[in-house]
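Asker: Got a predicted structure plus its sequence, pasted below:
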Amino acid sequence: MAAVETADEGADAQKRERVKARWSMLRQALLGSSHGGGDAAGSKHGTDNTNASRFHDHSMNSFPGFRVLDRTTLPHEDRGNISNGAQIECDENWDIVQNSYTSTKGHEVHFLTREAKEQQTTNQQSTVQSRMEALLSHRNYGVDNTGNVRVWDAEGTMAGFCLSVVLDGDDEHESEGNEQAIKLSDLRKNLRSILTTDSANDAEGINPTCNLLELGAGQAGLAGLAMAAASVALENHAVREQIMTQMKPLHAVLTDGHPKCVDNNETISKMMPKREEATKNQLAARLLLWDSSSNGAEACRQINKLIRDAKMIHSDNGISSNTNHQSESLNTDTTPDDGLYQLCLASDCVHFQEFHDGLLTTIARTLVVNGIALLCQPKRGSSLRNFMALIDTINGNNIESSEATNHCKVAEKAPLFQVTLFEDFDAKVSKMHSKLFLEANNADRSENNAENLPNSSRYDPNRHQPLLLALRKL
């Protein structure tokens with residue numbers, strides 16, 4: 001009994017420590033890092049650096065992520081000509097990050113992003129006004145500021161998965177007989193038919209281009225940018241011959257509800273590699289709030305109109321607006337309310353449950369029939385489960401959900417989406433998850449581990465393990 005009481009007391013003490021540290025982090029967010037050394041937590045843990053380290057241990061971001069993409073910050077002297085002739089602001093507030101992916105067959109894709117320096121690594125002394133603006137972003141812009149804080153790990157995981165579909169095919173993902181493996185193999189084949197030209201449908205002139213929409217792209221829409229970079233890389237004849245495939249001309253639109261995120265994605269689009277052979281590829285960044293009301297419907301019409309008119313140039317983009325005759329046929333074959341995107345990507349976007357109905361409605365309004373939406377995110381408590389329950393309600397499987405009946409039209413005749421949730425969809429993530437989960441469980445059973453926290457003990461599958469939710473519009 002004494003041992004149980006001691007364990008309970010230890011757990012309570014750790015909980016109090018965690019709560020105290022998070023309140024201290026909030027205080028620093030409001031007052032600035034220069035005020036961090038004078039609080040109680042700072043005096044307890046010694047120097048400012050130790051204090052910052054202990055705060056990081058209790059931060060939601062303490063786990064460094066699965067790092068499916070290799071991401072390296074370029075030193076100033078190596079930045080060189082990153083802008084393809086455009087004027088790019090790269091002062092001390094910005095990092096230029098080299099993003100790289102190597103397939104199982106050894107093929108590589110590289111692209112650059114401009115990303116805000118994380119607060120703990122910059123010497124910038126922001127004003128109280130700017131910090132309050134960030135904390136009150138949802139009031140000023142209708143969306144939170146998390147996309148401007150950092151690039152989240154699920155974004156890189158999504159980018160890596162999409163690149164593996166194009167570069168690896170199904171060679172490394174043959175089904176092993178279980179239902180999930182078979183469904184994952186089918187998903188990858190369907191995605192390849194959307195993204196590449198190595199399918200029978202293309203011989204018949206069906207879907208000559210790939211229209212891709214990224215929702216909640218944040219400050220750097222890695223998934224959409226990775227597809228744009230792969231499309232350019234595969235214009236290299238030698239690479240295309242090795243992979244035996246070619247991507248379709250790509251019309252990609254990166255969207256976010258925060259104007260600062262949109263501005264930075266516009267800047268990044270100027271940094272993307274370009275070739276003469278790839279002038280049919282088009283890349284744009286647009287503001288889009290998830291809204292199930294009539295205002296959201298009109299916003300989705302405008303996003304679809306970018307494809308319908310094939311006019312996706314933003315100011316000083318430098319990307320050609322020339323289109324082929326198949327794109328022009330959209331004007332006569334569709335109505336303003338028809339979705340026109342074959343592929344929709346969203347990373348770590350279901351955490352805020354008040355946006356569930358708007359997100360799901362936006363996906364439904366922008367996808368074509370048989371189009372696929374991929375959402376990559378951890379469970380994060382009940383958020384993912386509740387989002388899937390909303391889909392069940394829309395599909396007519398759960399008429400009791402008040403959220404859906406209040407905000408969305410419940411299906412009366414047929415379901416709207418085919419739904420599949422994948423836990424094991426990326427070999428690197430699955431292997432690392434198993435290792436970390438085992439190490440974390442062992443660490444929980446050991447004594448005196450509070451002061452020595454390796455990555456495994458910071459790992460919480462509920463908050464960190466990415467799951468892939470695939471929706472096919474019926």
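Answerer: It's in. Residues are numbered from 1 along each chain as shown.
Asker: Which parts of the stretch 151-300 of the chain are helices?
Answerer: 153-168, 179-195, 200-203, 222-233, 237-243, 259-271, 294-308 (DSSP state H, counting those that start in this stretch).
Asker: Mean neighbour count, mean pLDDT and distance to residue 88 for the ones you listed - can I get that in JSON lines?
Answerer: For every residue, glycine as well, the C-beta is placed using N, CA and C. Compiled in JSON lines, these are given as follows (neighbours: other C-beta atoms under 10 Å; pLDDT from 0 to 100; distance: least, C-beta to C-beta, whole Å):
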{"stretch": "helix 153-168", "mean neighbour count": "25", "mean pLDDT": "96", "distance to residue 88": "21"}
{"stretch": "helix 179-195", "mean neighbour count": "17", "mean pLDDT": "95", "distance to residue 88": "28"}
{"stretch": "helix 200-203", "mean neighbour count": "11", "mean pLDDT": "48", "distance to residue 88": "36"}
{"stretch": "helix 222-233", "mean neighbour count": "26", "mean pLDDT": "94", "distance to residue 88": "15"}
{"stretch": "helix 237-243", "mean neighbour count": "13", "mean pLDDT": "64", "distance to residue 88": "27"}
{"stretch": "helix 259-271", "mean neighbour count": "21", "mean pLDDT": "94", "distance to residue 88": "6"}
{"stretch": "helix 294-308", "mean neighbour count": "17", "mean pLDDT": "96", "distance to residue 88": "24"}
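Asker: can you redo those as a markdown table with distance to residue 89?
Answerer: Listed next are the helices of the stretch 151-300 of the chain as a markdown table, based on distance: least, C-beta to C-beta, whole Å:
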| stretch | distance to residue 89 |
| --- | --- |
| helix 153-168 | 22 |
| helix 179-195 | 32 |
| helix 200-203 | 41 |
| helix 222-233 | 18 |
| helix 237-243 | 32 |
| helix 259-271 | 8 |
| helix 294-308 | 26 |
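Asker: Any regions of the stretch 51-200 of the chain where pLDDT drops low?
Answerer: The stretch 51-200 of the chain contains residues with pLDDT under 70 at 51-61, 78-87, 119-135, 170-177, 198-200.
Asker: Can I get the longest strand that the chain contains in PDB, CA atoms only?
Answerer: Criterion DSSP state E: the longest strand present in the chain is strand 367-377. Output of strand 367-377 as PDB, limited to C-alpha atoms (Å, rounded to 0.1, in the frame of the first residue of the first chain):
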ATOM      1  CA  LEU A 367     -13.400  17.400 -54.100                       C
ATOM      2  CA  VAL A 368     -14.500  15.800 -57.300                       C
ATOM      3  CA  VAL A 369     -16.600  12.600 -57.200                       C
ATOM      4  CA  ASN A 370     -14.100   9.800 -56.600                       C
ATOM      5  CA  GLY A 371     -11.500  12.400 -55.400                       C
ATOM      6  CA  ILE A 372      -9.500  11.500 -52.300                       C
ATOM      7  CA  ALA A 373      -8.800  13.600 -49.200                       C
ATOM      8  CA  LEU A 374      -5.900  12.600 -47.000                       C
ATOM      9  CA  LEU A 375      -5.700  13.900 -43.400                       C
ATOM     10  CA  CYS A 376      -2.600  13.100 -41.400                       C
ATOM     11  CA  GLN A 377      -2.700  13.800 -37.600                       C
END
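Asker: what element comes up after it heading to the C-terminus?
Answerer: helix 383-394 (DSSP states H and E).
Asker: and the angle from that next one to strand 367-377?
Answerer: Orientation check (axes from the mean of the first three to the mean of the last three C-alpha atoms, to 10 degrees): helix 383-394 against strand 367-377 gives 160 degrees.
Asker: can you map out the helices along the stretch 301-450 of the chain?
Answerer: Ranges of helices in the stretch 301-450 of the chain, per DSSP H, counting those that start in this stretch, are 325-328, 330-333, 356-366, 383-394, 402-407, 427-445.
Asker: Am I right that residue 89 falls within a helix?
Answerer: No. Looking at residue 89 with DSSP: H, G, I helix; E, B strand; the rest coil, it is coil, so not inside a helix.
Asker: what's the closest non-adjacent residue to it?
Answerer: residue 267 (7.5 Å; C-beta to C-beta, 6 or more residues apart in numbering).
Asker: Tell me if I'm right that the one you found and residue 114 touch.
Answerer: Yes. Taking contacts as C-beta atoms under 8 Å, residue 267 lies within contact range of residue 114: 5.7 Å.
Asker: Pull up the overlap in contacts between the two.
Answerer: residue 88 (C-beta atoms under 8 Å, 6 or more residues apart in numbering).
Asker: before we move on, back to that, between the helices of the stretch 151-300 of the chain, which gets nearest to residue 95?
Answerer: helix 259-271 (11.7 Å; C-beta to C-beta).
Asker: name the element residue 115 belongs to?
Answerer: Using DSSP H and E, residue 115 sits in strand 108-116.
Asker: This completes my enquiry, with thanks.
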